[in-house]
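[1] Sequence and predicted structure below; questions after.
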Amino acid sequence: MLSKAIRIGCASCEKRGAGKFDALLVRDNMIQTLAKNQGDVVHMKHKLLIWMGRTLPTDHPLNAV
């Protein structure tokens, strides 16, 4: 699910002509910024997965994971 979230996010950035994927999601209030002590990969993945879960339709197969 994480790799799908990254692919969708990157595609969204490219369509909009925006810069970095993570900065765009934060700027658009799609994900919250990470606290200074939570800048590790585990917390980044968690934020992306929350965003992806909210983005997918409720009947999407990845929501069952």
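    Now that the structure is in, tell me what you want to look at.

[2] The spatially most central residue of the chain: what's it in contact with?
    Centroid check for the chain by Cα atoms, centre = their mean gives Leu48 as the closest residue, at 3.4 Å. The neighbourhood of Leu48, defined by Cβ atoms under 8 Å, 6 or more residues apart in numbering, consists of Leu2, Ala5, Ile6, Gly9, Ile31. C-beta: built from backbone N, CA, C; applies to glycine.

[3] Looking at neighbours, which among these is most surrounded?
    Of all the contacts of Leu48, the highest neighbour tally under other Cβ atoms under 10 Å goes to Ala5, namely 23 neighbours.

[4] just to revisit the earlier point, model confidence over the helix or strand in which the residue nearest to the centre of the chain is found, on average?
    For Leu48, the host element (DSSP states H and E) is helix 41-55. The average pLDDT within helix 41-55 is 81.
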